[in-house]
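# 3D model of this:
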Amino acid sequence: MSSARIRKIAVFVDEIHIEQGRQIDPPTRRACAVAVIDNPFAGQFVEDLADLMQVGEELGGQLGERAVAALGIAPADAESYGKAALVGENGELEHAAAILHPKLGAPLRKAVERGAALVPSSKKRGGMGTVLDVPLGHKDAAYVRSHFDGMEVRISDAPRANEILVAVAVTDSGRPLPRVGGLTKDEAKGEDGLR
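Numbers count the residues shown, from 1 in each chain. From the prediction side, this is the model:
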């Protein structure tokens, strides 16, 4: 069983109090917990990426719990979530995919209590200070348009060439002033992950 070798963790909280001159009360809040880890497969092609899949499982819960704690809410009060990974130049996009897809979701869902919808994700390659956009969607009903969103994060000294930046974002609400229609969060049943 593998374990993530973490160089640093950063947690960001974004609060929107005014949008287009209108007061947002309570403010729209998004939190993102980010781990900077060693990439054990940097600079080499490896067929079996199971070690990175295990790292994803470890980080899903750990980062999800940190994001929820940063918002100061109960896990059940989380409304949307997302995940993303940024590999340094000696890594490959498949390293990010191995972390994000097979196993990260289950512990993240536990951290936010439920999570019937797919967790939106993105992956990219870049150097230190590269901006990573973490997509967001409602945790139980993907058709809730008010929660289609994203959060931008950046760490000035990461990822180094042999590192991966792994991010999990959680919100306590949707976008401020949503008005593009569709299913509302109060109408969502959350039974099939869509509606």
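# show me how far whichever strand or helix holds residue 32 is from its chain's centre.
Using DSSP states H and E, residue 32 falls within strand 22-38. Taking C-alpha atoms, centre = their mean, to the nearest Å, one finds strand 22-38 lying 10 Å from the centre of the chain it belongs to.
# just want the angle from the helix or strand following it to strand 22-38.
Downstream of strand 22-38, the first helix or strand assigned by DSSP H and E is helix 50-71. If you take axes from the mean of the first three to the mean of the last three C-alpha atoms, to 10 degrees, helix 50-71 sits at 150 degrees to strand 22-38.
# and the next helix or strand past helix 50-71?
Once the chain leaves helix 50-71, the next helix or strand it forms, by DSSP H and E, is strand 80-87.
# contact partners of the following helix or strand past that next one?
Toward the C-terminus, strand 80-87 is succeeded by helix 93-100 as the next helix or strand (DSSP H and E). For helix 93-100, contacts defined as C-beta atoms under 8 Å, 6 or more residues apart in numbering pick out 39, 41-42, 49, 52-53, 55-56, 59, 83-87, 121, 123-125, 164, 166. C-betas here are computed from N, CA, C, even on glycine.
# cutoff 6 Å now
Helix 93-100 is contacted from outside by 39, 41, 49, 52-53, 55-56, 83, 85, 87, 121, 123, 166, using C-beta atoms under 6 Å, 6 or more residues apart in numbering.
# any idea of the mean pLDDT for that helix?
When pLDDT is averaged along helix 93-100, the result is 98.
# which parts of the helix or strand following it count as buried, going by neighbours?
Next in sequence after helix 93-100, counting helices and strands by DSSP H and E, comes helix 105-111. For helix 105-111, a neighbour-count test (16 or more other C-beta atoms under 10 Å) marks 105, 107, 108, 109, 111 as buried.
# distance check, the closest residue in space to the last one that isn't next to it in sequence against residue 142.
Think residue 111. Once flanking residues are discounted, residue 111 sits nearest to residue 64: 3.0 Å by C-beta to C-beta, 6 or more residues apart in numbering. For residue 64, the distance to residue 142 equals 18 Å [C-beta to C-beta, to the nearest Å].
# who's more crowded, those two?
A count of neighbours by other C-beta atoms under 10 Å puts residue 64 above the other of residue 64 and residue 142, at 28 against 20.
# now do the same contact list for that one.
Applying C-beta under 6 Å, 6+ apart, we find residue 64 in contact with 108, 111, 168.
# tell me the one of those nearest residue 22?
The closest of those to residue 22 turns out to be residue 168 (C-beta to C-beta; 29.6 Å).
# does that closest one touch residue 35 like I think?
No - Residue 168 lies out of contact with residue 35 (C-beta atoms under 6 Å); the separation is 8.7 Å.
# alright, that wraps it up for me.
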